[in-house]
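Colleague: predicted model and sequence follow; I will ask about them next.
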Amino acid sequence: MTDNFAERLVKKKPDSSDNMKKFMIILGTVIITAVTMYLAFVTGLYLILAITMGVIYGAYYFFRDTNIEYEYTFTNGELDVDKIIGQRRRKHLITINTAKLIDFGEVNADTPDNQDATLFLCSDNTDEGEYYADAEDEEYGKIRLIFTPDEKMVSYIEKTMPRIIKYRKQR
């Protein structure tokens with residue numbers, strides 16, 4: 001038996017919320033730096049400049065955390081999704097056994113609504129090539145994963161998903 005393995009890393013395109021966070025980090029850094037520099041020169045306590053350096057480092061740290069990537073790994077019927085924050089921290093989000101999928105398909109106007117499911121929005125945020133995968137999870141109950149797989153990963157998922165889903169897609 002050959003192993004089916006596919007891996008994909010997608011970078012999330014910043015949305016308005018991400019851009020607002022970046023703007024607020026920069027604005028806060030400029031204000032706090034100006035205040036601490038003023039205090040350092042007025043009081044003569046140049047130790048306050050250490051606070052300024054700490055604020056700048058903290059701003060850099062938080063600014064990098066607004067860069068999000070998602071890694072999808074498909075291995076022999078299991079789809080793992082990880083979130084990579086600032087290219088330095090990794091958080092495992094979900095593992096889905098594709099043989100137990102409830103529904104799977106490309107996201108479009110005909111995509112069925114699934115209001116009662118826990119949503120995992122792990123796409124590149126471009127609305128192109130997005131797929132959904134509905135499943136049951138022990139921790140979250142009903143889940144819906146929105147992600148951006150490549151064609152190789154889609155073909156592996158379609159090979160392992162239940163036949164009833166394949167049959168519904170053909171009709």
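Modeller: Great, that's in hand.
Colleague: can you give me the strands for the chain?
Modeller: 5-11, 68-75, 78-85, 89-97, 103-106, 118-122, 131-137, 141-147 (DSSP state E).
Colleague: mean neighbour count and mean pLDDT added to those strands, as a markdown table?
Modeller: All C-beta spots, glycine's among them, are computed from the backbone N, C-alpha and C. Shown next, in a markdown table, are those (neighbours: other CB atoms under 10 Å; pLDDT from 0 to 100):
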| stretch | mean neighbour count | mean pLDDT |
| --- | --- | --- |
| strand 5-11 | 15 | 95 |
| strand 68-75 | 18 | 96 |
| strand 78-85 | 17 | 97 |
| strand 89-97 | 13 | 96 |
| strand 103-106 | 17 | 92 |
| strand 118-122 | 17 | 94 |
| strand 131-137 | 19 | 94 |
| strand 141-147 | 18 | 96 |
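Colleague: remind me, longest helix of this structure?
Modeller: Identified as the longest helix of the chain according to DSSP state H is helix 16-43.
Colleague: could you report the pLDDT at residue 46?
Modeller: At residue 46, the model reports a pLDDT of 77.
Colleague: count the neighbours of it for me.
Modeller: 9 (other CB atoms under 10 Å).
Colleague: again, but for residue 4
Modeller: The burial count for residue 4: 18, using other CB under 10 Å.
Colleague: make CSV out of the strands of the chain and add distance to residue 44.
Modeller: Compiled in CSV, those are given as follows (distance: least, CB to CB, whole Å):
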stretch, distance to residue 44
strand 5-11, 47
strand 68-75, 43
strand 78-85, 40
strand 89-97, 40
strand 103-106, 65
strand 118-122, 52
strand 131-137, 60
strand 141-147, 56
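Colleague: residue 18: which of those is closest?
Modeller: strand 68-75 (7.9 Å; CB to CB).
Colleague: strand partners of the closest one, parallel vs antiparallel please.
Modeller: Partners of strand 68-75 in the sheet, by DSSP bridges, are strand 5-11 (antiparallel), strand 78-85 (antiparallel).
Colleague: and residue 35, which of these is closest to it?
Modeller: So among the strands paired with strand 68-75, strand 78-85 is nearest, using CB to CB, at 29.2 Å.
Colleague: name the residues that touch that closest one?
Modeller: With CB atoms under 8 Å, 6 or more residues apart in numbering as the test, strand 78-85 has contacts from 9, 65, 67-74, 90-98, 120, 122, 133, 145, 147, 157.
Colleague: how about stretch 61-72?
Modeller: Taking CB under 8 Å, 6+ apart as the rule, stretch 61-72 contacts 6-12, 14, 18, 21-22, 25-26, 79-88, 90, 122-124, 147-149, 153.
Colleague: repeat for stretch 128-138
Modeller: 79, 94, 96-98, 100-107, 111, 114, 117-118, 123, 142-149, 154, 157.
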